[in-house]
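Chemist: Would you be able to build a 3D model of this:
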Amino acid sequence: MGIKKHRPGEIEAMYFDKLPQRCKEMIFEYLSCEFPYALDSDKAFYFDVCSMYNEDCKSPIEHMFYLAFDIMCFVNHFDLLTYIVLYAQQDVYRNTKHYIADFVFDTDNIGVEDIYDKINPFKLVIECDGHEFHEKTKAQVKKDNERDYDLKMAGYDVLHFSGSQIYNEPFRCANEALEYIVSKIQK
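Modeler: Here you go, the predicted structure:
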């Protein structure tokens with residue numbers, strides 16, 4: 001049995017179809033804002049080959065944030081595009097406690113030292129807080145606060161975005177996280 005050949009764009013379409021509906025809308029919002037008259041070939045190529053769908057994202061808001069972050073990095077920090085990478089659903093440990101962070105950025109995981117002579121070591125956890133799992137009860141708030149404390153003691157900065165923030169303003173949330181990262185790694 002041979003390798004299946006795909007028509008041009010077929011694989012990208014397959015991943016596009018897996019995206020939550022709001023992510024599809026975000027792509028067209030971005031394209032219509034960035035390219036009102038015609039598509040720039042470099043940016044069009046990027047959308048043709050980028051991994052729009054991240055199988056590690058566990059919820060629609062995580063998909064939205066990941067996509068918006070990728071787009072904002074491409075638009076605002078193209079020179080850092082290959083260096084600023086978010087890893088979804090990453091294990092974080094502090095002593096005997098184990099957490100799974102929605103997203104992790106860590107300068108130790110990538111070659112950002114290639115960009116700057118001296119870079120600030122930096123680790124960040126980004127949490128996408130959907131209402132059904134966060135701040136429903138006082139016990140959940142207490143648990144989230146203890147988790148944040150443990151993450152900070154493990155050396156991570158922590159950013160939180162609510163599900164409604166991400167849904168309503170995904171590009172703003174992503175850009176805030178991106179600017180936070182850039183401000184921390186640059187001296």
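Chemist: show me where this protein has helices.
Modeler: 10-18, 21-34, 41-49, 60-76, 138-153, 163-168, 170-185 (DSSP state H).
Chemist: The fifth one packs against which elements?
Modeler: Using 3 or more Cβ pairs under 8 Å, 6 or more residues apart in numbering; DSSP states H and E as the contact definition, the elements that helix 138-153 packs against are strand 87-94, strand 97-106, strand 157-162. C-beta coordinates here come from the backbone N, C-alpha and C atoms, glycine included.
Chemist: for the protein, what are the low-confidence residue spans?
Modeler: Within the chain, the stretches with pLDDT under 70 are 1-12, 31-52, 81-82, 109-119, 131-136, 187.
Chemist: one more time with 90
Modeler: Across the chain, the ranges flagged by pLDDT under 90 are 1-58, 67, 70-85, 95, 106-122, 129-144, 182-187.
Chemist: Show me the residue sitting in the middle of it in space.
Modeler: The centroid of the chain falls nearest to Tyr66 when counting by Cα atoms, centre = their mean (3.1 Å).
Chemist: For that one, list the residues it contacts.
Modeler: Contact analysis of Tyr66 by Cβ atoms under 8 Å, 6 or more residues apart in numbering lists 54, 57, 86, 88, 103.
Chemist: Would you agree the fourth one is in contact with Asp102?
Modeler: Read it as Ala88. Yes - counting by Cβ atoms under 8 Å, Asp102 is a contact partner of Ala88 at 6.8 Å.
Chemist: what's the neighbour count on the nearest residue to Pro20 once chain neighbours are set aside?
Modeler: The shortest distance from Pro20 to any non-neighbouring residue, by Cβ to Cβ, 6 or more residues apart in numbering, is to Pro60 (3.9 Å). When neighbours are defined as other Cβ atoms under 10 Å, Pro60 has 18 of them.
Chemist: Likewise for Arg147?
Modeler: The number of residues packed near Arg147 is 18, by other Cβ under 10 Å.
Chemist: ok, now Gly155?
Modeler: By other Cβ under 10 Å, 12 other residues sit near Gly155.
Chemist: Look up how far Gln89 lies from it.
Modeler: 19 Å (Cβ to Cβ, to the nearest Å).
Chemist: Tyr167 now?
Modeler: Relative to Gln89, and taking Cβ to Cβ, Tyr167 is found at 20 Å.
Chemist: any idea how far Tyr93 is from Thr107?
Modeler: 18 Å.
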